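Visitor: Sequence and predicted model, in that order:
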Amino acid sequence: WAKIYKTEFIIEKQITPISEREVSSEDFLFNLQAFLKANKVAYIPDIFYYYNYVHGSMSKQYKHRSFGIRYHSVEIAKRIIENSENNKKDIYLHRLYYRLWMIYTYSASNELKRNPVGFNAALKQIKKNAEYPLVKVALNHIMLKECSWRGIYKVFAYGLYYYTKIYLLCHEKQSLV
């Protein structure tokens, strides 16, 4: 909804959509392929699209344990970036780690707010999510001061960051014993 592509470009560069049945964020993966293969991109700052927020819509509902699905999309994105011939792979990977951190933070926030089983179950799920390999990589690449969070969410993001670092450090020491 926010991008326009020439059909010839899509065909010539062999940009293929990934089914929404396989991943979440299929539009992100499609756009990533296009941006990596584009020689130039134009930006128009005007607003041509107005989002109609519908209370209770599926896109705004909490999906319990959805981190794994979103994480899978990040794994695919990482492979797409690494296999591309783009000379700015490092920049794309860096941005991908920020995207993963945002997904992880959003998921943790939702677990704590909406987990039907309770606080301890939410913490257990957050710890489980922290153990995904790319979360560990992301933690070593992101700089929280570059994040655009504000207010209480910024406090939460910082707290989650240090909680995750400490948890992973302790978890690694336990597994060595």
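Guide: Cool, the structure landed.

Visitor: any idea how far G68 is from the nearest residue to F67 once chain neighbours are set aside?
Guide: The shortest distance from F67 to any non-neighbouring residue, by CB to CB, 6 or more residues apart in numbering, is to S107 (4.1 Å). Every residue, glycine included, has its C-beta placed from N, CA and C. Counting by CB to CB, to the nearest Å, the gap from S107 to G68 is 9 Å.

Visitor: Of these two, which one has the most company?
Guide: The neighbour comparison of S107 against G68 (other CB atoms under 10 Å) goes to S107, with 21 against 12.

Visitor: for the more buried one, helix, strand, or coil?
Guide: Classification of S107 using DSSP: H, G, I helix; E, B strand; the rest coil returns helix.

Visitor: so who does it touch?
Guide: Going by CB atoms under 8 Å, 6 or more residues apart in numbering, S107 touches S66, F67, R70, I126, N129.

Visitor: Widest-spaced pair of these?
Guide: Of all pairs drawn from the contacts of S107, the widest gap by CB to CB lies between R70 and I126 and measures 14.3 Å.

Visitor: For the worst-scoring helix or strand of the chain on mean pLDDT, name the packing helices and strands.
Guide: Ranked by mean pLDDT, DSSP states H and E, the weakest helix or strand in the chain is helix 151-176, scoring a mean of 86. For helix 151-176, the packing partners by 3 or more CB pairs under 8 Å, 6 or more residues apart in numbering; DSSP states H and E come out as helix 89-114, helix 119-130, helix 133-141.

Visitor: Alright, that wraps it up for me.
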